[in-house]
Each structure stands twice: as structure tokens, then as C-alpha cells.
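# Below is the structure, and that's it, no one-letter string:
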């Protein structure tokens, strides 16, 4: 029987390994992987993995060639680079997806070349070598913040909370419908996307390390300070730049928009 070799490749991850401890599998700053095969397509269509939201974690680990690697232990910025590289290996660099123009409201198909996405490197080094620790002082409140960048475990927790929130809303809807025959519509708990991420990222504020107290402090943080903090995070964090200047085919409006990782990204329409 002929010996078939699956193509392999390697990329430099955005963090360059600078934010991992010495014994971490990604410390060298590279991600070695093999191209997607039919096995990975089975993973992408696994109903159980799609239901739990673990499908992309399993996909990364299935393609990875690095010993002792766990997708949840990788920083989110590096995980995105891995997913882009794996996607290119399976479906090519062309990515077509539908998006709505914010001016005219019409939907158009946009074509992105994933192989041309630039990499933003680390804005400044961490507080100590081989750590994921950074510091920032709020311009208004003057609080001294110690924080870290998000990783795969944080993403998993966010997914699990979203599943719980959906179940809570569905149960509430069922209760309202059975009692009053009405729909709750959009009346539900506000999704704390910004504060939720900050609560995971912040390790300490001044000398406060208690998570509940930190959460309370984040909730009263002035907008001026939260915006400055998020701008600093954006400056520090390395990443694949998932943005591109596009022009609406209907009204010719030009804008810079995020390249959406919708279902088309790994489930392109053929």
C-alpha cells in the first residue's frame, strides 16, 4: 500500500511564546500542525461537540503536532491564529461571507483573503518574563490594575455561561407562556460582555484580590477609565488583525469591518 503523507505546516503565533512559562508547549512561539482531513470534517459536524461548543478546541488539538498541547491552555490571541491557519489548510485562504451594511441596511457578500491578514505583535513586554501579567493605572480613579490576557479556559467559561443564560431564558419563557400565554420578547438579563471579560482579566485592583470585591469595583468604574483600560489592552494584546476595509456593493459606503467568524468560516457553502 502506498505511503501517504498528510501535509504539515508551522506558523509563528502572535504572542511569539513570550507570555508562557518555560515548560509550556507553546513557549518556542510556534504552532506545528497538519492539514485538515476527513477526520476533522467529522469533528466539525459532530452534534455533541457543536452542542457543548467544544468543537474548535477538539479541532485544534486534532491538527496539532506539538506534544502535551491543550487548546484550552493557549491564549485567545494565539488560538485565533491557529484557527485561521487550520482553516486555510482545509478550505483555502478565500473566505466569502454575508454582512449587512450599517448605512443602507442591505446585505452583501464580502471576499476576504485569510493568507494576507497581518499579525500585530505584543505592544509591550509583560511585567516579568515568561508571564501573562500586565499593569495599568486608571487615568481618572488612579486605581492600579494587575491583569492578564484571556485564554481558552476563559472562552469555555464564557460559552458555558451563555448556555446557562439561554436555558434560563427558555425556562422563563416557558413559565410566562404557560401562565399568561405571552412572550417575554427581549426582556431578559443584560449580557455583560465588557464587564464579564474585565472580571476574568483583572487579577488585582490596588491591594484587592477578592473576586467579588473586584467585580463590584468594575461595575462602578467610570466609562472614561474602562475605555482607557480597554484601549491599553488593545495596544498590548498580540493578535491576527481580523479587519479589512470593504465597500458596500449597494451604496458604495466604505468602512473597516471585522472579518466575522460565523458558521461560514469552518462550514463554507459549496
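Arrived safely, thanks for sending. Because the structure is a prediction, the values reported are computed rather than measured.

# Quick one: low-confidence residue ranges for the stretch 51-200 of the chain.
Along the stretch 51-200 of the chain, the model assigns pLDDT under 70 to residues 170, 173-192.

# Please repeat the previous calculation with a cut-off of 90.
Across the stretch 51-200 of the chain, the ranges flagged by pLDDT under 90 are 51-53, 96-112, 157-196.

# Please enumerate the helices of it.
55-63, 76-91, 152-180, 193-201 (DSSP state H, counting those that start in this stretch).

# The residue nearest the centre of the chain: what's its closest spatial neighbour, skipping adjacent residues?
The chain has residue 76 as the residue nearest its centroid, 5.4 Å off, counting by C-alpha atoms, centre = their mean. Leaving aside its sequence neighbours, residue 76 sits nearest to residue 150 (C-beta to C-beta, 6 or more residues apart in numbering; 4.6 Å). Using the backbone N, CA and C atoms, a C-beta is placed for each residue, glycine as well.

# looking at it, the one you found is touching residue 75, isn't it?
Yes: at 7.2 Å, residue 150 counts as touching residue 75 under the criterion of C-beta atoms under 8 Å.

# These two - which one has more neighbours?
residue 75 (24 against 20; other C-beta atoms under 10 Å).

# re earlier: so which of the helices of the stretch 51-200 of the chain is nearest residue 230?
Residue 230 lies closest to helix 193-201 among the helices of the stretch 51-200 of the chain, at 7.4 Å (C-beta to C-beta).

# Give the bridge partners for residue 244, please.
Counting by DSSP bridges, residue 244 is bridged to residue 257.

# In contact with it: list those residues for me.
110, 112, 256, 257, 259 (C-beta atoms under 8 Å, 6 or more residues apart in numbering).

# List only those of those residues flagged as buried.
Buried subset of the contacts of residue 244 (neighbour count, 16 or more other C-beta atoms under 10 Å): 110, 112, 259.

# Which of those fall within strands?
Among those, the ones falling in strands (DSSP state E) are 110, 112.

# Just name the closest of the buried ones among the contacts of residue 244 to residue 50, please.
For the buried ones among the contacts of residue 244, the minimum distance to residue 50 (C-beta to C-beta) is 21.6 Å, reached by residue 259.

# The closest residue to that closest one other than its chain neighbours: neighbouring residues, count only.
Distances taken as C-beta to C-beta, 6+ apart place residue 242 nearest to residue 259, at 4.5 Å, with adjacent residues excluded. For residue 242, the neighbour count with other C-beta under 10 Å is 16.

# follow-up on the earlier one: could you dump the contacts of residue 244 into JSON lines with distance to residue 33 added?
Shown next, in JSON lines, are the contacts of residue 244 (distance: C-beta to C-beta, whole Å):
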{"residue": "110", "distance to residue 33": "27"}
{"residue": "112", "distance to residue 33": "21"}
{"residue": "256", "distance to residue 33": "30"}
{"residue": "257", "distance to residue 33": "28"}
{"residue": "259", "distance to residue 33": "21"}
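
# could you pull out the strands for the stretch 1-150 of the chain?
8-12, 30-34, 94-100, 107-113, 119-120, 134-137, 144-147 (DSSP state E, counting those that start in this stretch).

# Residue 250: which of these is closest?
For the strands of the stretch 1-150 of the chain, the distance to residue 250 is smallest for strand 107-113, at 6.4 Å, taking C-beta to C-beta.

# which outside residues touch the closest one?
93-101, 244, 246, 248-250, 257, 259.

# of the residues you listed, closest to residue 227?
Using C-beta to C-beta, residue 257 is the member of the contacts of strand 107-113 that sits closest to residue 227, with 20.7 Å.

# residues in contact with the closest one?
Residues in contact with residue 257 (C-beta under 8 Å, 6+ apart) are 99, 110, 243, 244, 246.

# What's the separation between residue 14 and residue 122?
Residue 14 sits 8 Å away from residue 122, going by C-beta to C-beta, to the nearest Å.

# got any residues that touch both of these two?
Joint contacts of residue 14 and residue 122 (C-beta under 8 Å, 6+ apart) are residue 238.
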